[in-house]
Every structure is written in C-alpha cells, then in structure tokens.
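1. got a predicted structure here, sequence first:
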Amino acid sequence: MRYHSQDLRRGRHSEPDRIYHVTTVTHERNPAFLPLAAARAVIRVLADLHARGRAETLAYVLMPDHLHWLMQLGDGADLSKTVAAMKSLGARRLGRGRLWQPGFHDHAIRRDEDIQAVARYIVANPLRAGLVEDIGQYPHWDAKWL
C-alpha cells in the first residue's frame, strides 16, 4: 500500500505556541489501542511531551486505531518533530516497530475558532463512531475544559 505522507508534509509550516488539531492513524488501521495497557501507554506519552515542554495537550481521544490530539505546540517546538516523537515513544513503549502509518493530518486552529467547540468535537468521536452511547463510558479521552 502506498501512503501519501510526503503529500501531507508538503507546505507544512509550524508555529510555536500555535494550537493544532492533529490526527494520526495506526499502521493498516490496526486496532492497537483496544487493550487498556496499550492505550494508557500512548496517553502517558502525551503527558511526557507536555512535561518536556514540547506540546500541551488541550484535548484528545484515543480511538482503537487512531488519535485525535488538540495540542498547543511548545515554545521553539516543531510540529512534525513533536508528532514524530509521540509516534516513536508510543511504539517503543508498546514494543512495536511499526505502530503508526507515516504522516499525519493537522489543522492549525485559527485565532477566531472556538477551541472548546473543537475539543467537544474531538471528544465526541467515540459517540459518532457508535462505540458508546455516553462519552462517560469511553475511557480514553480528556479535555482541559470538560
């Protein structure tokens, strides 16, 4: 299968302190995060990146085969390198060589966008996917405001 990760990177510009909605998918859409321990390992990586000043997680939902991550890029951090670090650390913690597909999708949040509305949209992903009927039933999400 040919991935178009080079197309995803074309024209990408990263701004420190900017808020981004990042989506990344597991290799071959493998539901790698069904086991609780696997999901929690990746969630801890998000906390580690925050502790290192690379990205503050504002909201996330870790689905069985992909991650939606609303984050504010740290001062001096690069978006592509930060996402690559998240993927690499997550794969290492799970002992997996190929956990993620190459590339990722990002959306830089405009200054006039309602960040909390974006966070609600991200967190509601398990509801839209039909995984749960109430977001409280889904264990792998968090948002700064909710």
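-> Here it is on my side, so go on.
2. so the residue lying closest to residue 67 once chain neighbours are set aside versus residue 145, what's the distance?
-> Of all residues not flanking residue 67 in the chain, residue 24 sits nearest, at 5.4 Å (C-beta to C-beta, 6 or more residues apart in numbering). All C-beta atoms are positioned from the backbone trio N, CA, C, and that covers glycine. Distance, residue 24 to residue 145, by C-beta to C-beta, to the nearest Å: 23 Å.
3. neighbour count winner among the two?
-> Each of residue 24 and residue 145 has its neighbours counted (other C-beta atoms under 10 Å); residue 24 has more, 21 against 10.
4. helix, strand, or coil at residue 81?
-> Here residue 81 takes the helix state, with states given by DSSP: H, G, I helix; E, B strand; the rest coil.
5. how many neighbours does it have?
-> Counted by other C-beta under 10 Å, the residues lying close to residue 81 total 11.
6. kindly report the same for residue 116.
-> Residue 116 has 15 neighbouring residues, counting by other C-beta under 10 Å.
7. before we move on, what about residue 128?
-> Residue 128 has 8 neighbours, counted by other C-beta under 10 Å.
8. tell me where the chain has strands.
-> For the chain, applying DSSP state E gives strands covering 19-25, 55-62, 66-73, 105-108, 141-143.
9. before we move on, back to that, which pLDDT value goes with the residue nearest to residue 67?
-> pLDDT recorded at residue 24 is 97.
10. tell me the spacing between it and residue 75.
-> For residue 24, the distance to residue 75 (C-beta to C-beta) stands at 23 Å.
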